[in-house]
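A.B. asks: Sequence first, then the predicted structure, then my questions.
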Amino acid sequence: MNKIFFFFFIITFIQCPPQIQSQTIPRNISIFIMAGQSNMAGRGGVYNNTATNTTVWDGVIPPECRSNPSIFRLTAKLEWEVAKEPLHVDIDVNKINGVGPGMSFANRVVNRFSQVGLVPCSIGGTKLRQWQKGEFLYEEMVRRAKAAAVASGGSYRAVLWYQGESDTVDMVDALVYKKRLVKFFNDLRSDLQLPNLPIIQVAIATGAGPHLGAVRKAQLETGLENVHCVDAMGLPLEPDGLHLTTSAQVRLGHMMADTFMTIPNSARPPLFGFSILVLFSLFSLLYKIITDLP
């Protein structure tokens with residue numbers, strides 16, 4: 001009798017968990033990992049103030065990028081908060097951040113999910129070799145992604161990836177870009193235990209060097225299943241000729257969202273991954289407790 005009573009108590013507890021008092025702690029959130037370099041971190045509205053000779057953000061937030069109580073971001077301290085621009089303010093700390101594609105993307109897809117969680121991981125000026133498994137940026141991204149799921153019991157929905165401008169400088173980096181990119185995507189999927197995790201990557205429109213074409217070709221031809229490429233070519237640029245304008249970032253976020261929403265079953269919870277592992281572990285523990293009862 002004690003075993004039966006205890007079993008039904010635990011099942012009831014799982015189905016009706018205690019209410020979380022803070023509205024800034026989401027549960028069962030849909031997680032999107034944002035990684036890459038400066039254009040993903042966001043430089044929309046960032047300009048050089050000639051009067052002070054400093055780089056500043058103009059602070060202009062388009063309606064498409066405004067905060068929404070159902071959209072959260074994971075801070076550098078691994079805490080969820082309601083998302084607002086700039087999303088990478090405490091991540092890409094050595095640069096001035098402005099508007100990126102994240103908020104316009106999230107506002108576009110939030111109606112498909114009850115809550116959206118953005119995990120910013122981008123660092124400006126980085127090369128793809130710095131995002132290989134074992135390197136700091138890669139390991140930090142995986143750490144943050146796993147922490148995001150632990151903190152919310154959420155599910156990974158997609159990776160938003162925008163990088164490559166720095167790899168146009170050196171010919172060797174450009175020539176091995178596809179090999180590194182494929183390995184990066186495969187390693188990330190493996191470490192998150194989601195072999196078919198959707199990846200929405202951006203084909204770069206600009207580069208810091210002469211090998212733009214080689215990097216773009218690699219991005220457009222990964223050959224991997226469920227890797228979708230959105231082309232930034234032709235979007236308006238800031239005066240520096242390298243970074244997208246605020247309006248371009250809004251447009252890019254919409255393009256990435258529209259691509260994501262065409263993926264079959266993109267709103268359906270994954271049948272494997274972190275949440276399932278947690279559930280399996282929970283019931284294994286429950287079984288052990290019940291069998292040990294007198």
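C.D. replies: Good, I have the coordinates.
A.B. asks: How are the helices of this protein distributed by residue range?
C.D. replies: 2-15, 38-41, 102-109, 136-152, 171-175, 177-191, 212-220, 246-261, 274-292 (DSSP state H).
A.B. asks: Using PDB, write out the CA atom coordinates for the second one.
C.D. replies: The C-alpha atoms that make up helix 38-41 are tabulated as PDB, following Å, rounded to 0.1, in the frame of the first residue of the first chain:
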ATOM      1  CA  SER A  38      30.000  40.200 -35.200                       C
ATOM      2  CA  ASN A  39      27.000  40.200 -37.600                       C
ATOM      3  CA  MET A  40      25.300  37.600 -35.400                       C
ATOM      4  CA  ALA A  41      26.200  39.500 -32.200                       C
END
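A.B. asks: lowest-confidence stretch among the helices of the chain?
C.D. replies: Mean pLDDT across these is lowest at helix 2-15; the value there is a mean of 40.
A.B. asks: Tell me which stretches of the stretch 51-200 of the chain form strands.
C.D. replies: Along the stretch 51-200 of the chain, counting by DSSP state E, counting those that start in this stretch, strands occupy 54-57, 71-74, 80-82, 116-120, 155-162, 199-203.
A.B. asks: Now the second one: buried residues?
C.D. replies: So that's strand 71-74. 71-74 (16 or more other Cβ atoms under 10 Å). Where C-beta positions appear, they are placed from N, C-alpha and C, glycine not excepted.
A.B. asks: repeat for the third one
C.D. replies: Of the residues in strand 80-82, those with enough neighbours to count as buried (16+ other Cβ under 10 Å) are W80.
A.B. asks: Can you give the distance of it from its chain's centre?
C.D. replies: In terms of Cα atoms, centre = their mean, to the nearest Å, the centre of strand 80-82 is found 14 Å from the chain centre.
A.B. asks: avg pLDDT for that strand?
C.D. replies: For strand 80-82, mean pLDDT rounds to 97.
A.B. asks: Neighbouring strands - and their directions - for that strand?
C.D. replies: Paired strands of strand 80-82, with direction, are strand 71-74 (antiparallel) (DSSP bridges).
A.B. asks: Other residues contacting the partner strand?
C.D. replies: In this structure, residues lying in contact with strand 71-74 by Cβ atoms under 8 Å, 6 or more residues apart in numbering are 24, 26, 29, 80-84, 87, 102-103, 106-107, 110, 115-120, 144, 147-148, 151.
A.B. asks: thinking in terms of the whole chain, how far from its middle is it?
C.D. replies: 10 Å.
A.B. asks: Over to stretch 139-151?
C.D. replies: 11 Å.
A.B. asks: can I get the CA coordinates of it in PDB?
C.D. replies: Extracted in PDB, the C-alpha atoms of stretch 139-151 (Å, rounded to 0.1, in the frame of the first residue of the first chain):
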ATOM      1  CA  GLU A 139      33.200  24.500 -25.300                       C
ATOM      2  CA  GLU A 140      31.600  27.700 -23.900                       C
ATOM      3  CA  MET A 141      28.800  27.500 -26.400                       C
ATOM      4  CA  VAL A 142      28.000  23.900 -25.500                       C
ATOM      5  CA  ARG A 143      28.200  24.700 -21.800                       C
ATOM      6  CA  ARG A 144      25.800  27.500 -22.200                       C
ATOM      7  CA  ALA A 145      23.400  25.500 -24.400                       C
ATOM      8  CA  LYS A 146      23.300  22.700 -21.800                       C
ATOM      9  CA  ALA A 147      22.800  25.100 -19.000                       C
ATOM     10  CA  ALA A 148      19.900  26.700 -20.800                       C
ATOM     11  CA  ALA A 149      18.200  23.300 -21.000                       C
ATOM     12  CA  VAL A 150      18.900  22.500 -17.300                       C
ATOM     13  CA  ALA A 151      17.600  25.900 -16.200                       C
END
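A.B. asks: what sits against the residue positioned nearest the centre of the chain?
C.D. replies: When the chain is reduced to its mean C-alpha position, the nearest residue by Cα atoms, centre = their mean turns out to be I33, at 1.6 Å. Residues near I33 by Cβ under 8 Å, 6+ apart: 119, 121, 141, 144-145, 148, 156, 158-160.
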